[in-house]
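S.K.: Here is a sequence with its predicted model. Questions after.
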Amino acid sequence: MRKIGVNTWVWTSPLTDAGVADRLRSIADMGFDAVELPLENPGDLTVDVVADVLAETGLTPCVVGAMAPGRDLVDASCVADTQDYLRACVDFAAGVGAASVCGPFYASTGRVWRMDAEQRATAYADLREHLAPVVEHAASRGVRLGIEPLNRYETSLINTVDQALTALDPLLGDGLGLALDSYHLNIEERSSGDAIRAAGSHLAHVQVCGSDRGAPGGDQTDWKAFVDALDEVGYDGPLVIESFTADNASIATAASIWRPLAPTQDELARDGLSFLRTLV
């Protein structure tokens with residue numbers, strides 16, 4: 001049975017050593033199999049602390065990064081620091097036994113700009129050049145990076161699976177794949193199922209939420225078609241609920257969460273888990 005996970009952003013940001021044990025115990029008690037750990041800044045979470053609580057709870061770890069302002073692989077002034085940050089994410093993932101590190105690892109989330117075809121090609125070439133050493137580091141640590149396309153309001157660089165394949169093709173392999181999020185697919189793709197099939201063996205990780213960014217289930221997404229496509233391409237990784245709390249000012253602003261998406265965040269997580277169990 002495919003594992004079901006949840007991102008701790010449902011409740012809090014940033015996740016740190018001080019709160020990780022209580023949060024992961026609560027997630028395990030709800031019945032989740034996996035947890036998505038955001039490493040917003042190196043040092044927020046340490047391997048020894050997190051590894052102990054993962055062993056206690058039995059949760060399978062996944063790691064995601066955050067492309068905050070100043071993190072960018074196509075802005076030359078940010079490249080070195082961004083590479084260092086991504087290497088730190090990889091090292092943390094390797095330390096806690098996570099198979100992947102995923103996120104929109106190309107430009108700061110929210111940075112949008114117009115490009116003609118030549119400018120886009122140049123940006124993709126810059127991305128490949130600056131991402132390549134991080135991919136090499138990830139492969140050496142037994143970790144796979146997953147690059148996530150975002151919707152048009154959060155980036156203008158990679159919005160679709162087709163763009164991701166075009167931008168990343170020479171680097172795709174053991175150290176690099178794609179991470180897909182049902183929310184962004186619903187906005188940008190003509191067919192989420194076809195996008196998943198296009199990603200194929202490059203699919204490294206999958207995040208899910210309702211079409212309103214709340215719990216999956218009872219929304220406009222064709223979930224059967226979504227899961228059928230995952231089965232067709234042989235994806236056997238977890239389905240991880242990624243939603244956000246409106247109670248945290250920084251994360252609510254970053255994710256445009258202007259209203260509660262459930263009566264409580266615990267209910268959002270439990271309802272999503274209950275629905276996803278019916279799918280898998």
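M.R.: Okay, I see it. Fair warning: this is a prediction, and the values are worked out from it, not measured in the lab.
S.K.: CA atoms for contacts and neighbours, from now on please.
M.R.: Fine.
S.K.: Quick check: the spatially closest residue to residue 244 that is not a sequence neighbour vs residue 267, distance?
M.R.: Closest residue to residue 244 apart from its sequence neighbours, by Cα to Cα, 6 or more residues apart in numbering: residue 10 at 4.3 Å. Note on residue 10: its distance to residue 267, by Cα to Cα, to the nearest Å, is 11 Å.
S.K.: Looking at these two, which one has more neighbours?
M.R.: residue 10 (19 against 13; other Cα atoms under 10 Å).
S.K.: isn't the more buried one right up against residue 246?
M.R.: No. Using Cα atoms under 8 Å, residue 10 is not in contact with residue 246, being 9.1 Å away.
S.K.: from what I can see, residue 90 looks like it's in a helix, true?
M.R.: Yes. Under DSSP: H, G, I helix; E, B strand; the rest coil, residue 90 falls within a helix.
S.K.: check contacts around it.
M.R.: Residues in contact with residue 90, defined by Cα atoms under 8 Å, 6 or more residues apart in numbering, are 100, 101, 137, 138, 141, 143.
S.K.: The same query, at a cut-off of 10 Å, please.
M.R.: Contacts for residue 90 (Cα atoms under 10 Å, 6 or more residues apart in numbering) come out as 63-65, 84, 98-102, 134-135, 137-145.
S.K.: which residues make contact with the strand or helix carrying residue 167 from outside it?
M.R.: Residue 167 is part of helix 161-168, with elements assigned from DSSP states H and E. Helix 161-168 is contacted from outside by 120-121, 123-128, 131-132, 147-150, 157-158, 160, 169, 171-172, 176-180, 185, 188-189, 192, 194-199, 202, using Cα under 10 Å, 6+ apart.
S.K.: With adjacent residues omitted, what lies nearest to residue 51?
M.R.: residue 96 is the one closest to residue 51 (Cα to Cα, 6+ apart), at 5.2 Å.
S.K.: Touching, the one you found and residue 52? I think so.
M.R.: Yes. At 9.0 Å, residue 96 counts as touching residue 52 under the criterion of Cα atoms under 10 Å.
S.K.: higher neighbour count, these two?
M.R.: Taking neighbours as other Cα under 10 Å, residue 96 and residue 52 compare with residue 96 leading, 21 against 13.
S.K.: Give me the distance between that one and residue 247.
M.R.: 29 Å.
S.K.: can you pull the contacts of residue 179?
M.R.: So residue 179 contacts 100-104, 145-149, 161, 199, 202-207 (Cα under 10 Å, 6+ apart).
S.K.: likewise residue 156?
M.R.: Here residue 156 is in contact with 107, 109, 110, 111, 112, 113, 114, 115, 120, 149, 150 (criterion: Cα under 10 Å, 6+ apart).
S.K.: Specify which member of those is nearest to residue 19.
M.R.: residue 109 (25.5 Å; Cα to Cα).
S.K.: Which of the three states applies to that closest one?
M.R.: Under three-state DSSP, residue 109 comes out as coil.
S.K.: shouldn't it be in contact with residue 65?
M.R.: No. With contact defined as Cα under 10 Å, residue 109 and residue 65 do not form a contacting pair (11.2 Å).
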